[in-house]
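Enquirer: Provide a 3D model corresponding to the input given below.
(one chain, ligands or ions: 2)
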Amino acid sequence: MNEITIKRPDDWHLHLRDGDILTAVLPFTAELYGRAIIMPNLKPPVTTVKVAAAYRQRILDCLPPDHGFEPLMTLYLTDNTEPSEIRLGKDEGIIRAVKLYPAGATTNSEFGVTSIKKTYRVLEIMQELDVPLSVHGEIHDPGVDIFEREAVFIDRELNPLRKNFPELGIILEHVSSKTGVDYVRSVDRYLGATITPHHMLINRSSIFAGGLNPHMYCLPVAKRESDRIAICEAAVSGDPRFFFGSDSAPHRVTDKEKTGGAAGIFNSPTALPYIAQKFEAEGALENLEAFMSLNGARFYGLPPNSDRISLKKVDAPVSVPEFIEVGPDRVNVFQTIEPLFWDVV
Ligand code: DOR
Ligand code: ZN
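Expert: Ligands and ions are numbered 1, 2, ... in the order given. This is a model prediction of the structure:
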C-alpha cells in the first residue's frame, strides 16, 4: 500500500503556548487535525474556566475565519481547584479534561498537585460529571531514577487513584515505558493512554547520539529500545485504549540549548508522516485510522471527524526543515536520522 486515506485525525495532547509561538505553530496542527486537546501549562497556568475560555478565543483568533479546527480546552489542576470550577467548565462546554501535573515533574508544573489526596473532592465531581483526568504520569521524587519515574508513579499514585475512583476516565499521557503499556493493557475501559511520535521513534541513546542533543530531550524522557518497541506495538495494534497525542511542545532553541534546557519536542510538522511510515514498516497501515482518528474520539465520547485526509509514500525523501522561525528566534522541528518517505497529499 503506497497511499492511504483516513478520517481526519485529532491530536489528543498538544502544547500550543501563547503569543508569537502560538501564531507560528498553530497552522501545522490546524491544517491537518480536526481537534486537539490543548495543554494548560502556560505561565501562569490555565486554572479557571474564564482563563481557559480567553485562551481558547486567542487560539481561534489565530485561525483564518471559518476554519474548522476545534481547540478542546483543559484545566490545570492545583491543590486548590474548586469542584465548582469543574461543574462550570462542563456546563459551559469549555472544559474537556483536567490535567494533573505532579508539582515539579515537568515544564511549568510548579503550581501542580503536591498530593493527589488534596484533589479528591475535585476528582469526585469529575467522576460524576464524566470529565476525564489527563495525567502526567511521573513521580516527582529526586530520589527516584529519572527512567523509573513512570513505573513508580503507576505503583504509588495511579493504581491507588484508580481504585478510589473506579469510574473516572483517566488518560496516562505520553506513555513511555513497557511497564506503562502493560499496565494500561491490564485494566478496564476507564484507562487510556496517548502515544507520541517521538516515543515511537527514539530511545534514550538518541539523546546522546553524535554528542548531547537537547532536541531529543522531553519528559517523560525516552527510555530503552525495549520500551520503544512496546510503545510501537501498542500503537499499531489497533487496541482502542491507545491513541495519538503528539505532545508537540515547542521551545525556543535558546531555551533548549543551554544548561537547564527545557524538556519538549516540537513535532507537529512531522508527526503524522513519521507515524504513517512507522505503521507501514510494522505492516499495520490498516490500523492507522484507529490510532490517529478513532480511538481517542471514542475515549473522549466524541464522534470521529467526518472528512478525510490522504497520505502517500513518495520516491525521494521528504525534506524536513530543521527549524521554524518565531520572530527573531527559532524552534527546532523533530526529525530522526531515518529519511522520511511519507507525505500528506
Ligand atoms: O517534554 C515535555 N514538554 N514534557 C512535558 O510534560 C511538558 C512539555 C512542555 O510543556 O514543554
Ligand atoms: Zn505534554
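Enquirer: Every contact and neighbour count from this point should use C-alpha atoms.
Expert: Fine.
Enquirer: after whichever strand or helix holds residue 55, next one along is what?
Expert: Assigned by DSSP states H and E, residue 55 belongs to helix 49-61. Per DSSP H and E, the first helix or strand lying C-terminal to helix 49-61 is strand 70-76.
Enquirer: Which elements pack onto the helix or strand following that next one?
Expert: Heading C-terminal from strand 70-76, the first helix or strand you meet, by DSSP H and E, is helix 83-91. Contact here means 3 or more Cα pairs under 8 Å, 6 or more residues apart in numbering; DSSP states H and E; on that basis helix 83-91 packs against helix 49-61, strand 95-100, helix 120-129.
Enquirer: one more time with 10 Å, if that's ok
Expert: helix 49-61, strand 70-76, strand 95-100, helix 120-129 (3 or more Cα pairs under 10 Å, 6 or more residues apart in numbering; DSSP states H and E).
Enquirer: Show me what counts as buried in the helix or strand in which residue 274 is found.
Expert: According to DSSP H and E, residue 274 maps onto helix 271-281. Neighbour counts over helix 271-281 (16 or more other Cα atoms under 10 Å) mark 271-280 as buried.
Enquirer: can you check stretch 82-99 too?
Expert: Neighbour counts over stretch 82-99 (16+ other Cα under 10 Å) mark 82-83, 85-87, 89-90, 94-99 as buried.
Enquirer: Let me have these in JSON lines, adding pLDDT and distance to ligand 1 as columns.
Expert: Putting those into JSON lines (pLDDT from 0 to 100; distance: Cα to the nearest ligand atom, whole Å) gives the following:
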{"residue": "82", "pLDDT": "98", "distance to ligand 1": "24"}
{"residue": "83", "pLDDT": "98", "distance to ligand 1": "24"}
{"residue": "85", "pLDDT": "98", "distance to ligand 1": "23"}
{"residue": "86", "pLDDT": "98", "distance to ligand 1": "22"}
{"residue": "87", "pLDDT": "98", "distance to ligand 1": "26"}
{"residue": "89", "pLDDT": "98", "distance to ligand 1": "22"}
{"residue": "90", "pLDDT": "98", "distance to ligand 1": "24"}
{"residue": "94", "pLDDT": "97", "distance to ligand 1": "21"}
{"residue": "95", "pLDDT": "98", "distance to ligand 1": "19"}
{"residue": "96", "pLDDT": "98", "distance to ligand 1": "18"}
{"residue": "97", "pLDDT": "98", "distance to ligand 1": "16"}
{"residue": "98", "pLDDT": "98", "distance to ligand 1": "14"}
{"residue": "99", "pLDDT": "98", "distance to ligand 1": "11"}
